[in-house]
Every structure is written in structure tokens, then in C-alpha cells.
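A.B. asks: Make a model of this:
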Amino acid sequence: MEDYRNPKPVEENSNVPMITLMVLIAMVIALLYVGWQSMSNDVEKTDIVLSTPPDAVAIKGQNDEDVVAAPSTETTSDENEEKNAAKAENEDVTESKKEKETKKVEEKKKEPEKKVEVITTKGETYIHTVQAGETFYGIANRYRLGKSALQKLNPDVEPEGIKVGITKLKVKVKAIHTVGPGDILRVVAQKYGVSKQAIMEANKKTKDITERGERLIIPIE
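C.D. replies: Reported below is the predicted structural model:
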């Protein structure tokens, strides 16, 4: 006897939804990967631009890729030349100043020292009468005075016009010493703080001899 019962319905394949889900997940992952790659490329380009020196020039390559060219060295060379020129000019100015200072020092060394003759107000004024064979400058040397100092003491006297026995000249001396007992020239010189030779020249002495009561001219040294 045949069985006329309805056959059991065939169950649908449960693997179809799973495959569809996996395909969707794969597409999502692929989209995320493409987006990440795009962002990475943008970041790399930004880093290249930021790290490129201001003077660098961007050149488009054959594949439209940015190629960074090295900065031009022409400007740097010009700047270096200007700096070197300025440095050389400063060195020339410094050397010129040093040369001028050196010349000034050398000129000062070459210039003879000017002797300043001072007319002292100390001591005594002695009147000297011109004697035979004496000159104005010889008298100045005798009393250890400069010629200009003697001229200032006698402004009205012409150096070339002095006359023997007539012209009287004012001279400054330290003192007039009257020789006493034991006053030899060495002792008198020590007493007034002058040299024995200066006393002998002022008194026209050729020998170291003094006489009691003699008046000795003590010159200013």
C-alpha cells in the first residue's frame, strides 16, 4: 500500500547567509584598508613639504610625484662673498688704525724732549758785572741757568749787546757764603746740597782752595 502522506519539506541551505555576511565583512575591510592607505600617503606628502627648506623648489616628475630639488647655491655664494668683503674691509680699517697709532708712537719717540726751564723765586738775586771774555750764554752756564731763564731775568738786555764792565745782569743764586774757619769747598758744598764742581764754576775757581772771608757764590742746581 502506497504512502500518500505529504513529503517533508526540504530545509533551505543555511550556508548562504553566512557567505553573504563574510562577503560584506571583506568589503568593509577592503574599504577601510583603501582609506588608511590614502591617509598614509597624505601624511607622507605633508611631512615631505614640512621638512623641505624654504628655498627648495618642488618639481613635478614624470609620474606626477613631487620631487624636491636642492636649494640654489647662488644666493649662498653671494652672501658668503658679501660677508668676506665686509670682513676684509673691517680688517683693512683695523690695520689702518694700528698703523696710524704705531706711526704716532714712533713720531713721539723721535721728537726730542723739550726741556722746561723754570725760573725759581727762591734764593738770592746777585748782580753780575760782565767781565772780559764773557758772553751772555757763558754767564748763563756759569750760574747754572738756561739762556731763556737769564733773558727773562734781564728782559731789557740784548744778548749780543752786552759790554765789559758796563752791563750788569741779574742772576739767581742759592746763597752768598762767606768763608769761615774750616770752610773748605767740600764742606760748603755739603752744607748747601750742591756739587763742589758747581761752586768752582760759579766762582771761576780752578783749584780747590778757599780763603777766610772770601764770598762764595752758591749756584742753584
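A.B. asks: Which helix or strand in the protein has the lowest average pLDDT?
C.D. replies: Ranked by mean pLDDT, DSSP states H and E, the helix or strand of the chain with the weakest confidence is strand 57-60, at a mean of 45.
A.B. asks: For residue 204, give me its contacts.
C.D. replies: Going by CB atoms under 8 Å, 6 or more residues apart in numbering, residue 204 touches residue 142. Placement of C-beta: from N, CA and C, glycine included.
A.B. asks: What separation do you get for it and residue 86?
C.D. replies: 75 Å (CB to CB, to the nearest Å).
A.B. asks: Which positions in the longest strand belonging to the chain come out as buried?
C.D. replies: Taking DSSP state E as the criterion, the chain has its longest strand at strand 168-178. For strand 168-178, the neighbour count (16 or more other CB atoms under 10 Å) marks 169, 171, 172, 173, 174, 175, 177 as buried.
A.B. asks: where do the helices sit along this protein?
C.D. replies: 15-51, 74-110, 136-142, 147-153, 185-192, 196-202 (DSSP state H).
A.B. asks: Which strands and helices lie in contact with the fifth one?
C.D. replies: Think helix 185-192. strand 168-178, helix 196-202, strand 215-219 (3 or more CB pairs under 8 Å, 6 or more residues apart in numbering; DSSP states H and E).
A.B. asks: which other residues reach the second one?
C.D. replies: Contacts with helix 196-202, where a contact means CB under 8 Å, 6+ apart, come from 142-144, 173, 185-186, 188-189, 205-206, 208, 216-219, 221.
A.B. asks: Kindly report the same for the first one.
C.D. replies: By CB under 8 Å, 6+ apart, the residues outside strand 168-178 that reach it are 119-120, 122-130, 136, 139, 143, 145, 149-150, 153-154, 157, 162, 183, 188, 191-192, 194, 202, 213-221.
A.B. asks: what about residue 82, distance to residue 36?
C.D. replies: For residue 82, the distance to residue 36 - CB to CB - is 51 Å.
A.B. asks: What of residue 158?
C.D. replies: Taking CB to CB as the measure, residue 158 falls 120 Å from residue 36.
A.B. asks: picking that back up, now the buried residues of strand 168-178 as JSON lines including distance to residue 28?
C.D. replies: As requested, these are exported to JSON lines (distance: CB to CB, whole Å):
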{"residue": "169", "distance to residue 28": "133"}
{"residue": "171", "distance to residue 28": "130"}
{"residue": "172", "distance to residue 28": "126"}
{"residue": "173", "distance to residue 28": "130"}
{"residue": "174", "distance to residue 28": "127"}
{"residue": "175", "distance to residue 28": "131"}
{"residue": "177", "distance to residue 28": "135"}
